[in-house]
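Novice: Kindly generate the corresponding structure for this input.
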Amino acid sequence: MKMLLPCIVTVSLMAACKSKPTARDFHGLKGSVKQFTEKTFEAHYRQNKWEKGAAAENHYPIAYSFREDGEELWYEMFDGDGKLWVRFVCEYDESGKFTGGRAYDEKKELSGITKVDAYTPNGIASELSTYMTSGNDMYKEWTEFDKKHRMVHTRITQGTGEVISESWLVYNAQGHPEKRTNSSNGKEKVTYTSRYLSYDKAGNWTQRIDVGPDTLLYERIISYW
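Specialist: Reported below is the predicted structural model:
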C-alpha cells in the first residue's frame, strides 16, 4: 500500500472557523473557486520562452475540491498513469472547525486517519497526527504561519520523532510563494525559485516555473462556483 505521507502537508492548511482564512485562502486562490487540478511537467527555455515538456517524474497530479464557503471538501492524488492513488476527505465539527479527515486508497478502502492535535491562537490547525490502518505507522506534522496566516515552515516526522521532511516558504509582494526550500530525511536542503507565467480572469495563476536543481512547470486548471 502506498503511504499517505505526501498528503499530510495539505491538510494543515485548513482554517478553524468561517471567520478565519479558509482552505481556499491558504492555496492563494481568489474568487469562488470550486475545484482545481495541478499537474507538473518538465520545462525547457527555447527561443526566449518557456515550453512545457513531458510529465515530471515523481510529481503526480493532484485535485482539490472546495465548498462554496471556501473550506476544502476533499483532494485526490493520482499516480504516473493517471490512476487514483489516494482520496482524502476532510472532516469538520458542528461549529465548522476542521478536525482532520480520512484517506482512502485506490480500492476505496480506508488507509489512514488524520486528527488535529493543536491549533494556533488564531484557530488554524498547526499540529496533526496521521495513523495508517496497515501496520503501526504514524506520522506527525507541525506547521508554522506568519502574521498573514501563510505557511512558512512545515516539519513531518515519524512517530519515533525521526524527521522525514521539512519545507520553508518565502513570499513575494503579491503573496505568492517565490522561494521553496525542502529537505528530505535529513539530506541537504534544496531550493527552488518560482516565476509566475500566466493568470486567469480571476487573478489566479495557471502556470508557474520553478527553477532549482531541475526546472519544472506547474499547470493549474481551475473551475468556479
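Novice: buried ones in the lengthiest strand in the chain?
Specialist: The residue-count maximum for a strand in the chain (DSSP state E) belongs to strand 33-46. By 16 or more other C-beta atoms under 10 Å, the buried positions in strand 33-46 come out as 33-43. Yep, even glycine has a C-beta here, placed from its N, CA and C like the rest.
Novice: Quick one: residues in contact with it.
Specialist: For strand 33-46, contacts defined as C-beta atoms under 8 Å, 6 or more residues apart in numbering pick out 24, 27, 29, 50-56, 59-66, 68, 202, 204, 209, 214-225.
Novice: Which of those fall within helices?
Specialist: Arg24 (DSSP state H).
Novice: Buried only: go through the contacts of strand 33-46 for me.
Specialist: 24, 27, 29, 56, 60-66, 204, 209, 215-220, 222.
Novice: Please report the distance of Tyr139 from His153.
Specialist: 17 Å (C-beta to C-beta, to the nearest Å).
Novice: Show me which of these two is the more surrounded one.
Specialist: Just comparing Tyr139 and His153: by other C-beta atoms under 10 Å the higher neighbour count belongs to Tyr139, 20 against 14.
Novice: Nearest residue to that one in space, ignoring adjacent ones along the chain?
Specialist: Of all residues not flanking Tyr139 in the chain, Thr130 sits nearest, at 4.6 Å (C-beta to C-beta, 6 or more residues apart in numbering).
Novice: likewise His153?
Specialist: Glu144 (4.2 Å).
Novice: The residue sitting furthest away from the middle of the chain and Gln207: what is the separation?
Specialist: Using C-alpha atoms, centre = their mean, the residue of the chain lying farthest from its centre is Gln47. It sits 32.8 Å away. Note on Gln47: its distance to Gln207, by C-beta to C-beta, is 17 Å.
Novice: Could you do Glu109 as well?
Specialist: 36 Å.
Novice: Compare those two and say which is more crowded by neighbours.
Specialist: Gln207 (17 against 11).
Novice: so how far is Ser129 from the residue lying closest to Asp200 once chain neighbours are set aside?
Specialist: Once flanking residues are discounted, Asp200 sits nearest to Thr206: 5.4 Å by C-beta to C-beta, 6+ apart. From Thr206 across to Ser129, the span is 35 Å (C-beta to C-beta).
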